[in-house]
Each structure stands twice: as structure tokens, then as C-alpha cells.
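Chemist: Turn this into a structure:
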Amino acid sequence: DKAYACSVTVHTIATPDIGKVSALTVDEGNLPTGSTVETPVTWWVGKQATGSFSVDLHDADSATVNIGGKIFSAHDGDLFYNGQRVTNHNPVTVTGEHGNLVITGMDGGRIGYTYTLTSAVTGAQENDGRGDSQSAESFAISVSTLGGVANASLDVTALNDAPTNVTLTPTASTVADTNN
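Modeler: Coordinates of the predicted model:
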């Protein structure tokens, strides 16, 4: 009789992880109807912001990725929407209340995006001073694998384009009536 050695490796698929998703900041003053008045708080901010967030599938072969209600699939290191690979040249737009979040693909476990503010943010904070931040919108993100679900959100803050106070110096003129 011969004895055979046998080993079995069981791979457990862990819950996926979504890395830190930074909050975006955009500026209403750079909209076509904006004031274009810049302050030290706003000069560096445009109406568009670009970034990425990491997704770790922990040995899962594929995942379902939901970004702002659009359903993507991730497999083989790429992101797909309706069967088409998402890239810079084939992006997918997620329309928000005040702007568009454009998903530009997945590279090295990072999903890239660009957000463009398209309308002014109105509400309780709309009359704050120029450059004061206000919540514009939030895009929910979830990643699902056989191991579970991870949730996050991409939050957008807009710098307010409220009117700025200008102090006018009064001038006085004296006009003499020479036609008595």
C-alpha cells in the first residue's frame, strides 16, 4: 500500500475594500454665470476636479460596482459598463443634481473620475460669503463580490459665489448756479 500526501487550499474571498474617497471642491465663481471674482480661498479652485479611489477585490474574480446609480462590472483589472470597457476615450457620465461625474476607467485597482460643476448650488447656504463651502451633492459608491459589500460616497463641496460687499466712498460735488 502506498500513502499519498494531499493538501487542500481553501481561498476565502474577503469583503472588498474601497480606499479613502476624497471630497471634491469646485467653485461656482467659474460657472459661465459666475462672478469670476477670486479671493485667497477660491483662486486655486476651478469648476472641475479630478481624482481616483482604490478598490481592493481581495482575490475575487469580479465585482459589481455601483457609482451614483450606474452599475459597472470590474474584472481582469478593468471596469466595464454595458459590456464596454470604460476608458478616458470611452468614459461613462453619472449625472448629478449640480454637475456631472465622469468615470474614466480603472487602472491598478484605482477608479478614475472627473467632476464638473454645471449649475449653482442653492439652498440654506447660498447667501454665505464668497468662498464659503457648501455641500453640492454626494454620489453613493458600492462594490459587491461573493465576499460581501463595501460602501462609500464621493462628496462634492462647492465654494459659494455669493455677492461680495463693496464699500463705496461717497463723493460730493458743489454746483454753483450762475444763472440768477
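Chemist: quick one: terminal-to-terminal distance for stretch 57-68?
Modeler: 20 Å (Cα to Cα, to the nearest Å).
Chemist: For Gly46, give me the pLDDT.
Modeler: The model reports Gly46 with a pLDDT of 65.
Chemist: low-scoring stretches of this protein, by residue?
Modeler: Residue ranges of the chain with pLDDT under 70: 1-46, 122-135, 159-180.
Chemist: Let's see that with 80 instead.
Modeler: 1-48, 59, 120-136, 157-180 (pLDDT under 80).
Chemist: how about the strands in it?
Modeler: Assigned by DSSP state E, the strands in the chain fall at 17-18, 24-27, 48-56, 62-67, 70-75, 78-81, 84-85, 92-95, 99-107, 110-117, 133-145, 148-159.
Chemist: Tell me which strands the longest one pairs with, and in which orientation.
Modeler: Right, the one you point to is strand 133-145. strand 62-67 (antiparallel), strand 148-159 (antiparallel) (DSSP bridges).
Chemist: and among the strands of the chain, the most buried is which?
Modeler: strand 24-27 (a mean of 24; mean count of other Cβ atoms under 10 Å). For the C-beta atoms, the positions are set from N, CA and C on the backbone; glycine is no exception.
Chemist: circling back to that earlier point, JSON lines for the strands paired with strand 133-145, including distance to Ala49?
Modeler: Listed next are these as JSON lines, based on distance: least, Cβ to Cβ, whole Å:
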{"stretch": "strand 62-67", "distance to Ala49": "16"}
{"stretch": "strand 148-159", "distance to Ala49": "8"}
